[in-house]
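Novice: Model the structure of this input:
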Amino acid sequence: MNVLFVHNNFPGQFRHLARHLARQPGVRVAAIGARSARPMRDIRLVKYALPAVDLAGAHPFARRFELECHRAEQVIYALTTLASSGFHPDVVVVHPGWGEAMPIRTIFPKARIIVYCEFFYGHNGRDVGFDPEFPTIGADGAVALHAKNAATLLAMAEADAGLSPTQWQRSTFPARLRDDITVLHEGIDTALVRPDPAATLALPSGRVLSARDEVVTFVARNLEPLRGYHMFMRALPRIMAERPNAQIVVIGANGTSYGAPPPGGRTWQAIFRDEVAGRIAPERLHFLGHVAYPDYLRALQISSAHVYLTYPFVLSWSLLEAMSAGCLVIGSDTAPVREVVNARNGILVPFFDTAHLSEAVIDALARPEHYRAHRTEARATAVRQFDLHRTCLPALTSFVRGEPAQLLRRA
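Specialist: Predicted structure coming up:
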């Protein structure tokens, strides 16, 4: 069997599955990605380069799609390179978000195409239209947002199957498409991401933290409103005042992954840090930026309370990894989080209620024994539902092969 993965930033969400399939006898794996794609052992990677594109002449609604069409053109060349070398996929697994799926059916008409259904944009109560602090987008903005789904809709029209990592993410798609989307998460390596009472984390200041310290952790790819960074920062003055020994560890870069960029050329990190600057103890607030994966794991393993906040949007791997590491998760009571966090394995707080968030963190620090069972159940949830090797990879492999999946979609 020949399997082709297509992802702008390969391997992305396909890392575990691609590696697993490449190790199977009788399976050949190839991949297509842009310049940022990273090679993997035993997988042939064909990269494409997207030339500079002048979008000034395109209608604002069409600019994203115009760029996706240019990307699709480059993917045509990558696909034909594979075909001319004798590689004809039986199965193609593709992320549709950058237009890369558009030429696949034309070049490989006999392949079974699986579309990774990560998210369907909507202007009411998802990443847009949820937070009243930020302006609504108006009619023009809503149409432009709807147009961001064009490449995904085209991909689904040609797909043989869809694949979504969570029930909520599947639910963002139009009802008439959901029956074609199976829910299978890509998995968490729970053998690697596990509790370690002996873990320590060295801070840039030279101080070393351990599980004996009061440590509040917050993790996001980038520190921005969509992941609740502003609410977390606004909760800190009370937390730090009532828990004078608490150390706050924040992991995340200062760019923008989702949503609008910050105003005035600043960073969201600086904007909301400055908002509370006079009411916190800066020597106990540690911004670590982007860290190596082992340091990230150590931060989770020493955490006394791990705060995970998000708009209704794609669920972060970091939440599931925090649960796998045995963290006490204090999460936002938003739909993606409610799918995995409940009263037995964590604490849910209203996204916009910073007082409630502060109280939950303070209580977690003050009564760690009271929440020990929550940590144990968080770990059990991760192992039971998201274990990479025992649950997710077997089901995904069966799905790619067209066999009955071990985990079936649920209505």
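Novice: contacts and neighbour counts: CA atoms only from here.
Specialist: Noted.
Novice: Give me the residues contacting the lowest-mean-pLDDT helix or strand in the chain.
Specialist: Sorted by mean pLDDT, DSSP states H and E, the helices and strands of the chain end with helix 138-147, the least confident at a mean of 90. For helix 138-147, contacts defined as C-alpha atoms under 8 Å, 6 or more residues apart in numbering pick out 60-62, 65, 121-123.
Novice: from the middle of its chain, how far away would that helix be?
Specialist: 24 Å (C-alpha atoms, centre = their mean, to the nearest Å).
Novice: Give me the mean pLDDT for whatever helix or strand comes next after it.
Specialist: Remark: after helix 138-147, the chain's next helix or strand is helix 150-158, criterion DSSP states H and E. In this model, helix 150-158 has a mean pLDDT of 97.
Novice: Output the contacting helices and strands for the very next helix or strand once past helix 150-158.
Specialist: Using DSSP H and E, the helix or strand that follows helix 150-158 towards the C-terminus is strand 161-164. Judged by 3 or more C-alpha pairs under 8 Å, 6 or more residues apart in numbering; DSSP states H and E, strand 161-164 is in contact with strand 112-116, strand 181-183.
Novice: Put together JSON lines for those, with distance to residue 236 and mean pLDDT on each row.
Specialist: Output for the helices and strands packed on strand 161-164, formatted as JSON lines (distance: least, C-alpha to C-alpha, whole Å; pLDDT from 0 to 100):
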{"stretch": "strand 112-116", "distance to residue 236": "37", "mean pLDDT": "98"}
{"stretch": "strand 181-183", "distance to residue 236": "36", "mean pLDDT": "97"}
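Novice: could those go into TSV alongside distance to residue 310 and mean neighbour count?
Specialist: Listed next are the helices and strands packed on strand 161-164 as TSV, based on distance: least, C-alpha to C-alpha, whole Å; neighbours: other C-alpha atoms under 10 Å:
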stretch	distance to residue 310	mean neighbour count
strand 112-116	21	24
strand 181-183	21	23
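Novice: Which one of those strands lies nearest to residue 158?
Specialist: strand 112-116 (7.6 Å; C-alpha to C-alpha).
Novice: How about residues contacting the closest one?
Specialist: Against strand 112-116 from outside (C-alpha under 8 Å, 6+ apart): 90-96, 105, 155-156, 158-164, 400.
Novice: give me that answer again for 6 Å
Specialist: Strand 112-116 has contacts (C-alpha atoms under 6 Å, 6 or more residues apart in numbering) with 91-95, 159-163.
Novice: ok now do residue 45, which residues does it touch?
Specialist: 30-32.
Novice: Could you count how many residues lie near the closest residue to residue 315 other than its chain neighbours?
Specialist: Nearest residue to residue 315 in three dimensions, chain neighbours excluded: residue 336, at 5.9 Å (C-alpha to C-alpha, 6 or more residues apart in numbering). Residues within reach of residue 336, counting by other C-alpha atoms under 10 Å, total 20.
Novice: Looks to me like residue 336 is in a helix.
Specialist: Yes - assessed with DSSP: H, G, I helix; E, B strand; the rest coil, residue 336 lies in a helix.
Novice: Could you report the pLDDT at it?
Specialist: With respect to pLDDT, residue 336 has a value of 98.
Novice: Give me the phi and psi for residue 42.
Specialist: phi 70, psi 20 (degrees, to the nearest 10).
Novice: how close does it sit to residue 93?
Specialist: According to C-alpha to C-alpha, to the nearest Å, residue 42 stands 17 Å off from residue 93.
Novice: Which one's more surrounded, these two?
Specialist: More crowded of residue 42 and residue 93, by other C-alpha under 10 Å: residue 93, with 25 against 14.
Novice: Quick check: the more buried one touching residue 3?
Specialist: No - Residue 93 is beyond contact range of residue 3, at 7.6 Å (criterion: C-alpha atoms under 6 Å).
Novice: Could I get the full set of strands for the stretch 101-250 of the chain?
Specialist: 112-116, 161-164, 181-183, 200-202, 208-210, 215-222, 247-253 (DSSP state E, counting those that start in this stretch).
Novice: next one: the stretch 301-411 of the chain
Specialist: In the stretch 301-411 of the chain, the strands defined using DSSP E, counting those that start in this stretch lie at 305-308, 329-332, 347-349.
Novice: Take the ones you listed and write them to JSON lines, including mean pLDDT.
Specialist: Below are the strands of the stretch 301-411 of the chain laid out as JSON lines (pLDDT from 0 to 100):
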{"stretch": "strand 305-308", "mean pLDDT": "98"}
{"stretch": "strand 329-332", "mean pLDDT": "98"}
{"stretch": "strand 347-349", "mean pLDDT": "98"}
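Novice: In terms of helices and strands, where is residue 86?
Specialist: Using DSSP H and E, residue 86 falls outside every helix and strand.
Novice: For it, report the pLDDT, please.
Specialist: 97.
Novice: and it, how many neighbours?
Specialist: Under the criterion other C-alpha under 10 Å, the count of neighbours that residue 86 has is 9.
Novice: I'd like the contacts of strand 112-116 written out as a markdown table, with distance to residue 179 added.
Specialist: What follows is these, written out as a markdown table (distance: C-alpha to C-alpha, whole Å):
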| residue | distance to residue 179 |
| --- | --- |
| 91 | 20 |
| 92 | 20 |
| 93 | 18 |
| 94 | 19 |
| 95 | 18 |
| 159 | 13 |
| 160 | 12 |
| 161 | 9 |
| 162 | 9 |
| 163 | 11 |
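Novice: which residues of this protein score low on pLDDT?
Specialist: Filtered on pLDDT under 70, the chain yields the residue ranges 404-411.
Novice: For it, which residue occupies the most central location?
Specialist: residue 316 (3.6 Å; C-alpha atoms, centre = their mean).
Novice: Now do the same contact list for it.
Specialist: Contacts of residue 316 by C-alpha under 6 Å, 6+ apart: none found.
Novice: Buried residues of stretch 274-281, list them for me.
Specialist: 276, 280-281 (16 or more other C-alpha atoms under 10 Å).
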